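Asker: Model the following, please.
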Amino acid sequence: MVQVDDEQIVGEDFSDARLDQQEWNGRNFLACTFRDADLSGVKSTSVVFTECDFTGTDLTESVHVDVAFRSCTFTRTNLQHSVFRHSTFIGSTFVDCRLRPATYDEVDFTLVGFGGADLRGVDLTGCRFGEANLVNADLRKATLTSADLTGARATGAKLDSADLRSARVDANLWVAASLAGARIELIQAAAYAQANGLSVEG
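Answerer: Numbering: from 1, shown residues only. As a prediction, this is how the structure comes out:
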């Protein structure tokens, strides 16, 4: 396994590169392209990717701890069986990606574009989705316990049978998303009723 530490890389083109099984620590990638690159099995710690392009990238079975993906592009990217712990994707966009099965442990998805994303059954406990685009996203049977969905755009989102207990949710989601069979708490039920114009008494 190749290990590279503490390096800053700007504007590099890694298209079609074989970078699988490498170990990266403290690296900074700015405006780099990883189109159709093989990053399977990569282990990264305290790495920062800013405005990088991961179109068609293979990230399967990769592990990322304390890693920041800032305003990155993920199109047709394969993240299956990957692990992200205490990491951020702030301002990044996902289009036609394979996002499951994968592990997302306390990940910050603030301002992320997940429009139409398939996140069925994914455990997103404690993740943050502030101001994220969840329009038409499929989150059926997902676990969103204690997640922060404040300000998320959720028109057409499918949250049927999802676990939303202790999640922070505003009125827009209660109205815009499909929630059949979703698990919620009593205080959330009251908020749902109010958002949909119902009167809760007694």
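Asker: and residue 2, what pLDDT?
Answerer: We note a pLDDT of 46 for residue 2 in this prediction.
Asker: nope, residue 42 is what I was after
Answerer: With respect to pLDDT, residue 42 scores 98.
Asker: cool, the one 10 residues further on as well?
Answerer: Predicted confidence (pLDDT) at residue 52: the value is 99.
Asker: my guess is it meets residue 73, correct?
Answerer: Yes - assessed by C-beta atoms under 8 Å, residue 52 is found in contact with residue 73 at 7.5 Å. Quick note: C-beta positions are derived from backbone N, CA and C, even for glycine.
Asker: Which phi and psi values does residue 174 adopt?
Answerer: Backbone torsions for residue 174, taken as degrees, to the nearest 10, come to phi -60, psi -30.
Asker: Report the contact partners of it.
Answerer: When contacts are counted by C-beta atoms under 8 Å, 6 or more residues apart in numbering, residue 174 is found next to 191-192, 195-196.
Asker: Quick check: of those, which has the highest neighbour count?
Answerer: residue 192 (20 neighbours; other C-beta atoms under 10 Å).
Asker: Okay, that residue and residue 31: tell me how far apart.
Answerer: Separation of residue 192 from residue 31 (C-beta to C-beta, to the nearest Å): 43 Å.
Asker: Quick one: the strands in the protein, in order.
Answerer: Per DSSP state E, the chain carries strands over the ranges 3-5, 8-10, 23-25, 28-30, 43-45, 48-50, 63-65, 68-70, 73-75, 83-85, 93-95, 103-105.
Asker: Compare the mean pLDDT across those strands and name the weakest.
Answerer: The stretch with the lowest mean pLDDT among these is strand 3-5, which comes in at a mean of 53.
Asker: in the sheet, who's paired with the closest residue to residue 178 other than its chain neighbours?
Answerer: Leaving aside its chain neighbours, residue 178 sits nearest to residue 158 (5.0 Å; criterion: C-beta to C-beta, 6 or more residues apart in numbering). For residue 158, the residues forming beta bridges with it (DSSP bridges) are residue 138, residue 178.
Asker: I figured residue 158 hits residue 180, correct?
Answerer: No - under the criterion of C-beta under 8 Å, residue 158 is not in contact with residue 180, lying 9.1 Å apart.
Asker: For burial, what's the neighbour tally of the spatially closest residue to residue 60 that is not a sequence neighbour?
Answerer: Of all residues not flanking residue 60 in the chain, residue 40 sits nearest, at 4.7 Å (C-beta to C-beta, 6+ apart). Residue 40 is flanked by 19 other residues according to other C-beta under 10 Å.
Asker: which phi and psi does residue 40 have?
Answerer: On the backbone of residue 40 - angles per degrees, to the nearest 10 - the values are phi -60, psi 140.
Asker: so how far is residue 16 from residue 34?
Answerer: When distances are taken as C-beta to C-beta, residue 34 and residue 16 turn out to be 9 Å apart.
Asker: Comparing those two, which residue is more hemmed in?
Answerer: Just comparing residue 34 and residue 16: by other C-beta under 10 Å the higher neighbour count belongs to residue 34, 28 against 11.
Asker: got the contact list for that one?
Answerer: Neighbouring residues of residue 34 by C-beta under 8 Å, 6+ apart: 14-15, 17, 19, 52-55, 57.
Asker: No further queries at this time; thank you.
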